[in-house]
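> no sequence on hand, only this structure:
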C-alpha cells in the first residue's frame, strides 16, 4: 500500500461520510495536499443531482484531515483526530453536480500546537468552484 | 518599514478582523485579556501577519506572545529573518 493510501486509511471518516476518494499528492514540503473527489449519485449530500457549494467546506476539512493523517503515518505516530472549527472566508463560484470529478487543494498556512489554518480551493477541470480558509484543531488519539 | 508602520498595520488587522475600536488598541494592550481574543483568533492574526513579515510565522515564538507590543517585536524579528533568508520554521506534528 502506498504512503498516500495508508494516509487515507487513517482518516476517521468512514462509509458515506468519507467524501475523499484519493490523495493525489502531498506537496510543498508536506504543507499542501491534493485530493480527488468523485460526486457519485448516492453521495449523501446530493439532492436532485445537485450538491450545495457549501459542502466545499467539508471537502476542505477532510483534505486537511488527510494531510494530518499523512504526517502522522510518515512519523509512525498515533492516529490523529481533529475537528473543523470554522471558516473565516468562503467564496463559492460554481455549482457542484452528481458526476463531477473534483480536485481539492489544501495548504497549511499556519499551525501552532493543536490549531492550524488551511487555505483551500476546489476545482473541476481547472475551473475554480470554491475557495476559502478553514481553522482546524487536531490531536493524537489515545492508543486502542 | 518602520516600527510605527508595522504597529499601524497590526492595529488595522486587529480592528478589521475582530471589530475592535482601533483607538483603544495600544502597545500595552493584552491580546487575550483586554482585547478578548482567543487562540483561534490568534491563528487568524498570525496568518495575516505573513503579509507584513513575508514568511510563515514561527509557531513556537508566536505561542508566547501576549501583548500588541510583543506582536510588533515579533513582526520585526520575522521580517529580519525573511531578509536574512532564514528557513521557515517547521510546524510540529499535532499530538506528536
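Now that the structure is in, tell me what you want to look at. From a predicted model like this one, the values you see are computed outputs, not experimental measurements.
> the nearest residue to residue A:127 once chain neighbours are set aside: what's it in contact with?
Leaving aside its sequence neighbours, residue A:127 sits nearest to residue A:94 (C-beta to C-beta, 6 or more residues apart in numbering or on different chains; 6.2 Å). In this view, the C-beta of every residue, glycine as well, is placed from N, C-alpha and C. Residues counted as contacts of residue A:94 (C-beta atoms under 8 Å, 6 or more residues apart in numbering or on different chains) are A:53, A:124, A:127-130.
> out of the residues you listed, which is most surrounded?
residue A:130 (23 neighbours; other C-beta atoms under 10 Å in any protein chain shown).
> what number of residues lie near the nearest residue to that residue once chain neighbours are set aside?
Leaving aside its sequence neighbours, residue A:130 sits nearest to residue A:56 (C-beta to C-beta, 6+ apart; 3.7 Å). Number of residues near residue A:56 (other C-beta under 10 Å) recorded here: 27.
> I figured residue A:56 hits residue A:121, correct?
No - contact between residue A:56 and residue A:121 fails when scored by C-beta atoms under 8 Å: they sit 9.1 Å apart.
> contacting residues around the residue nearest to residue A:130?
A:90, A:92, A:96, A:104, A:120, A:122, A:129-130, A:132 are the contacts of residue A:56 under C-beta under 8 Å, 6+ apart.
> can I get these in a markdown table including pLDDT?
Converted to a markdown table, these look like this (pLDDT from 0 to 100):
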| residue | pLDDT |
| --- | --- |
| A:90 | 96 |
| A:92 | 96 |
| A:96 | 96 |
| A:104 | 98 |
| A:120 | 98 |
| A:122 | 98 |
| A:129 | 97 |
| A:130 | 97 |
| A:132 | 97 |
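> out of these, which sit inside helices?
Judged by DSSP state H, helices contain none of the contacts of residue A:56.
> so which of those residues wins on neighbours?
For the contacts of residue A:56, neighbours tallied by other C-beta under 10 Å; top is residue A:122, 29 neighbours.
> excluding chain neighbours, what is closest to it?
residue A:130 (4.3 Å).
> quick one, what contacts that neighbour?
A:53, A:56, A:90-94, A:120-122.
> format these as TSV; extra columns: distance to residue B:80.
Below are the contacts of residue A:130 laid out as TSV (distance: C-beta to C-beta, whole Å):
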residue	distance to residue B:80
A:53	42
A:56	38
A:90	35
A:91	34
A:92	39
A:93	39
A:94	42
A:120	31
A:121	32
A:122	37
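> of these, closest to residue B:86?
residue A:120 (27.5 Å; C-beta to C-beta).
> how about that closest one: what's its closest non-neighbour residue?
residue A:60 (3.9 Å).
> what's the local residue count around that neighbour?
Neighbour count for residue A:60, taken as other C-beta under 10 Å: 28.
> surely it and residue A:132 touch.
Yes - in terms of C-beta under 8 Å, residue A:60 counts as a neighbour of residue A:132; the distance is 6.7 Å.
> overlap in contacts, the two.
Contacts common to residue A:60 and residue A:132, judged by C-beta under 8 Å, 6+ apart, are A:87, A:120.
> quick one: mean pLDDT over whichever helix in chain A runs longest.
Ranked by residue count and defined by DSSP H, the top helix of chain A is helix A:56-74. Averaged over helix A:56-74, pLDDT sits at 93.
> tell me where the model's unsure across chain B.
Residue ranges of chain B with pLDDT under 70: B:91-96.
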